[in-house]
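In: Model the structure of this input:
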Amino acid sequence: MRVIGLKVKVLESKGPVLEFMIEGTDPAFANSLRRIMIAEVPTMAIQWADIHDNNSALFDEVLSHRLGMIPLKFDPRKFNFSEDCKCKGKGCPLCEVAFVLDVKGPALVTSGDLKASNKAVAPTDPRIPITELLEGQAVKLEAVARLGTGMQHAKHQAANASYQYYPQITFKGARDEALKALKAAPEGSYGVEGHEIVIKDLSKTDMFKGLLDGVHGVEMKPDETRLVFKVESISGLEPAYIVAKAAEILGERAAEFRKVLQRI
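Out: Prediction:
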């Protein structure tokens, strides 16, 4: 793993998606960061449900599973893991949030029908369907949400994260030929800086490769000194927070490993 003179540049930040480039490292570091974003950044999700009434088309188990998969927005600074809380796992406002769902048909039951004991905690989208009730059907339950990680259950996965080498396109005495070949590319998807074509929309990398394939004097190859990350939050956490928290966790792991080595 190599981390020397690390540089980070944000390429795009839009809603739940963050795209950034890292210079001065290698895939070993990048993959460690990616795995922590996916599996070790804590998120909040419903852990269990006490179902008092359910004569909908869904079995209790299916209903509980749907509740658990609803992403929740929350302030990570205000909650602890239940096992680390002062209540010692018994459950308190510092480590869990209670939800109540009480709906009678006919109605489409959605995530917006969940009423939380803490108003600062809520589903990321109130339109997520849970079940549909016909006349005479009803759902009444209580549920509890706690912190967890993707290593424990997929419902706690914070984000989808991936990375790739930055695609570098250079041309030697073939500027006109290269620009002519790129006329078919969408406007604003690339730029020219010196003797390098800069791809601004990395999702179209394969398209650029196809357009430039066979153009004499143009070379497209991965730049192994620059890694481009794409992080999409699928939880109630901002993507920038997920990246920062993953880096913090990785730093703590490195410090812990250093202490172990010092005792050898």
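In: drop to CA atoms for contacts and neighbour counts, all remaining ones
Out: Fine.
In: Which secondary structure elements does whichever strand or helix holds Leu6 sit against?
Out: Assigned by DSSP states H and E, Leu6 belongs to strand 3-14. For strand 3-14, the elements it packs on are strand 17-25, judged by 3 or more C-alpha pairs under 8 Å, 6 or more residues apart in numbering; DSSP states H and E.
In: Now find how far off-centre the strand it packs on is within its chain.
Out: Remark: strand 17-25 is offset 15 Å from the chain centroid, using C-alpha atoms, centre = their mean, to the nearest Å.
In: which helices and strands sit right next to that strand?
Out: strand 3-14, strand 218-233, helix 239-263.
In: Most tightly packed of those?
Out: Counting by mean count of other C-alpha atoms under 10 Å, strand 218-233 has the highest mean neighbour count of those, with a mean of 18.
In: Any stretches of the stretch 101-250 of the chain with poor pLDDT?
Out: Within the stretch 101-250 of the chain, the ranges that satisfy pLDDT under 70 run 173-175.
In: ranges for the helices of it?
Out: Secondary structure of the stretch 101-250 of the chain (DSSP state H, counting those that start in this stretch): helices at 175-181, 205-212, 239-263.
In: before we move on, back to that, the strand holding Leu6 versus strand 218-233: what angle between them?
Out: Interaxial angle of strand 3-14 relative to strand 218-233 (axes from the mean of the first three to the mean of the last three C-alpha atoms, to 10 degrees): 70 degrees.
In: Please list the outside residues in contact with strand 3-14.
Out: Here strand 3-14 makes contact (C-alpha atoms under 8 Å, 6 or more residues apart in numbering) with Leu18, Glu19, Phe20, Met21, Ile22, Glu23, Gly24, Thr25, Asp26, Phe29.
In: at 6 Å instead, please
Out: Defining contact as C-alpha atoms under 6 Å, 6 or more residues apart in numbering, one finds that strand 3-14 is touched by Leu18, Glu19, Phe20, Met21, Ile22, Glu23, Gly24, Thr25.
In: nearest to Ala158, of those residues?
Out: Distance to Ala158 across the contacts of strand 3-14 (C-alpha to C-alpha) is lowest for Leu18, with 13.2 Å.
In: For that closest one, grab the count of nearby residues.
Out: Counted with other C-alpha atoms under 10 Å, the neighbours of Leu18 add up to 20.
In: if I look at it, how far off is Met207?
Out: Using C-alpha to C-alpha, to the nearest Å, Leu18 is found at 22 Å from Met207.
In: Ser111 and Ile128 touch, don't they?
Out: Yes - here Ser111 lies in contact with Ile128, judged by C-alpha atoms under 6 Å, at a distance of 5.2 Å.
In: And those two? Which one has more around it.
Out: Using other C-alpha under 10 Å, the more surrounded residue of Ser111 and Ile128 is Ser111, with 22 against 17.
In: so what's the more buried one up against?
Out: Pro126, Ile128.
In: The same query, at a cut-off of 10 Å, please.
Out: By C-alpha atoms under 10 Å, 6 or more residues apart in numbering, the contact set of Ser111 is 66-67, 70-72, 101, 122-131.
In: And the nearest residue to Leu182 once chain neighbours are set aside, how far from Gly105?
Out: In space, and not counting its chain neighbours, Leu182 is closest to Leu211: 6.4 Å by C-alpha to C-alpha, 6 or more residues apart in numbering. Per C-alpha to C-alpha, Leu211 is found 56 Å from Gly105.
In: got it, and His216?
Out: 68 Å.
In: Show me this structure divided up by domain.
Out: Per automatic domain parsing, the structural domains of the chain span 3-40+159-232, 44-153.
In: ok so, going back, nearest to Cys85, out of the helices and strands packed on strand 17-25?
Out: Evaluated over the helices and strands packed on strand 17-25, closeness to Cys85 peaks at helix 239-263, with 19.2 Å, by C-alpha to C-alpha.
In: gap between the closest one and the chain center?
Out: On the basis of C-alpha atoms, centre = their mean, helix 239-263 sits 19 Å off its chain's mean C-alpha point.
In: Thanks a lot, catch you later.
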